[in-house]
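Engineer: what follows is a predicted structure for the sequence shown.
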Amino acid sequence: MRRHFFNHIAQTSPSPPALEIVSGNGSFLYDSNGKEYIDCISGIAVSSLGHQNERIRNAVIQQIEKHSHVMVFGEYIQNPQVELARKLTSLLPEQLSSVYFTNSGAEAIEGSMKLAKRYMGRTKFVACKNAYHGSTQGALSLMGNETYKQSFRPLLPDVSFIRYNKIEDLNIIDELTAAVFIEPVQSETGYIPGEATYFHELHEQCKKTGALLVFDEAQSGFGRTGRMFGFEHFGLTPDVLVLAKALGGGYPLGAFIASKELTSVLSHDPPLGHLTTFGGHPMSCAASLAFIEQLLQPGFIELITQKEHLFKTLLSESLYSENITGLGLMLGLHLHDQSKCQKVIGIAEQNGLLADWFLFAPDAIRLAPPLNISEELIKRSCSIINSAIHKAK
């Protein structure tokens, strides 16, 4: 199987880990040799209830017995889409009332960019340096790191970049700006949380200039930060909310959500202003609804902050507290040494734990375990990581 993987699967890096995962259960994954791994990545914050979740599995089976794809998104009434949109908007501020489903976060970003240009009649976008919003052409244009862009130019013009958490940069947002794209927790720099003062100033600058404020919560949404949505930490509401990853309960699903006034512009001049064939697939929507229902069980999300504190307390045995960043169960362990980081990840894997690094912080370890990881497994995970850090010295 390994030989066929390298011969027939298009590779995205020179040396992928190439673990052959054959099954999963709860917070564990199992390879072809039967080895057990604690999954502290969750497919990059996707499998937020772990693997083989009974509620999600049953919801998908029930939908399979009804129908699969029937028509491009937005043309036929499909109950899983409608019920999921109702559930999502019931959890959000009133102005976020209209949902456009996509297949992924990158597609949701692309749709949001088109929405902003069409509604605002402006072409300028502002994003953050070292931001990651996806790898399609439009989303790549918003990426604030030249290394991953230079081979694919020309990209979209009229994109400006600001530094994350730096108030002095916000005057770049002006009356020509259609939208500002930002993450409540900047993911690929090592899970760096946004500062409340910065986000309030950003919000004011957008209101002052008329620019739309777009929150990319592909990773920070659905309890990952200890709140249902990351923007709740700041007490403000974005004009557009982008969701993906965990949204599908392990199945491919993304969405951008705005007011009905905003999303309606995609339906005329021209009609079909944005289209997707498989966006909001019935199976993914059924899985998503089951995922959200379990997430909303009393006390579930409140436990995530406690789990964050347990991780940070136990990992402080090997790292100074300032080297552990993030909110909830999106944590960055900053080793400040890329070679050591890779060694730690490798040793941890050998000892039965899967961790990862960050695109723009290769000297930091990414932890994004299932939200329902047990206290016992957190202790076991931290023991493996601490041991790996000491062995990699």
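Structural biologist: Right, received. Where do you want to start? Every value quoted in this text rests on a predicted model; they were computed, and no experiment measured them. Numbers count the residues shown, from 1 in each chain.
Engineer: just say helix, strand or coil for A364.
Structural biologist: Under DSSP: H, G, I helix; E, B strand; the rest coil, A364 falls in the strand class.
Engineer: distance of it relative to K245?
Structural biologist: If you measure A364 against K245 using Cβ to Cβ, to the nearest Å, the figure is 19 Å. C-beta: built from backbone N, CA, C; applies to glycine.
Engineer: CA atoms of whatever helix or strand L333 lives in as CSV?
Structural biologist: Taking DSSP states H and E as the criterion, L333 maps to strand 330-334. Taking C-alpha atoms only, strand 330-334 is exported to CSV below (Å, rounded to 0.1, in the frame of the first residue of the first chain):
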residue,chain,number,x,y,z
MET,A,330,-6.0,24.8,20.0
LEU,A,331,-2.6,25.0,21.6
GLY,A,332,0.9,25.9,20.3
LEU,A,333,4.0,24.7,22.0
HIS,A,334,6.8,27.0,20.9
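Engineer: run the chain-centre distance for that strand.
Structural biologist: Here the centre of mass of C-alpha atoms in strand 330-334, compared against the chain's by Cα atoms, centre = their mean, to the nearest Å, lies 15 Å away.
Engineer: kindly report the same for stretch 102-109.
Structural biologist: Going by Cα atoms, centre = their mean, the spacing between the C-alpha centre of stretch 102-109 and its chain's C-alpha centre is 11 Å.
Engineer: which residues touch that stretch?
Structural biologist: Contacts made with stretch 102-109 from outside it, assessed by Cβ atoms under 8 Å, 6 or more residues apart in numbering, are listed as 100, 111, 133-136, 138-139, 142, 181, 216, 218, 242-245, 252-256, 276, 278-281.
Engineer: could you do stretch 375-392 as well?
Structural biologist: 27, 38, 40, 307, 310-311, 314-315, 317-319, 333, 335, 340, 343-345, 347-348, 351-353, 355, 365, 367, 369, 373.
Engineer: buried residues, that stretch. List them.
Structural biologist: Along stretch 375-392, the positions that meet the burial threshold by neighbour count (16 or more other Cβ atoms under 10 Å) are 377-378, 381-382, 384-389, 392.
Engineer: cool, and stretch 294-311?
Structural biologist: Residues of stretch 294-311 classed as buried: 294-295, 301, 304, 307-308, 311 (neighbour count, 16+ other Cβ under 10 Å).
Engineer: hmm, who's touching it?
Structural biologist: For stretch 294-311, with Cβ under 8 Å, 6+ apart as the criterion, the contacting residues are 48-49, 53, 55-56, 222-228, 326-329, 331, 367, 371-373, 375, 378-379, 381-382.
Engineer: these in strands, which ones?
Structural biologist: Judged by DSSP state E, the subset of the contacts of stretch 294-311 located in strands is 326-327, 331, 367.
Engineer: which residues are in contact with R55?
Structural biologist: Counting by Cβ under 8 Å, 6+ apart, R55 makes contact with 49, 290-291, 293-294.
Engineer: how about those, which pair is most distant?
Structural biologist: The widest separation within those, taken as Cβ to Cβ, falls between L49 and E293 and amounts to 10.7 Å.
Engineer: quick one, domains of this protein?
Structural biologist: Per automatic domain parsing, the structural domains of the chain span 2-52+298-391, 56-295.
Engineer: mean pLDDT for those domains - can I get that in CSV?
Structural biologist: Output for the domains of the chain, formatted as CSV (pLDDT from 0 to 100):
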stretch, mean pLDDT
domain 2-52+298-391, 95
domain 56-295, 97
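Engineer: any idea how far S383 lies from L353?
Structural biologist: Relative to L353, S383 is positioned 9 Å away (criterion: Cβ to Cβ).
Engineer: please apply the same query to I301.
Structural biologist: 25 Å.
Engineer: follow the chain on from the helix or strand harbouring A108 and name the next helix or strand.
Structural biologist: Counting by DSSP H and E, the element that carries A108 is helix 105-120. Using DSSP H and E, the helix or strand that follows helix 105-120 in sequence is strand 124-128.
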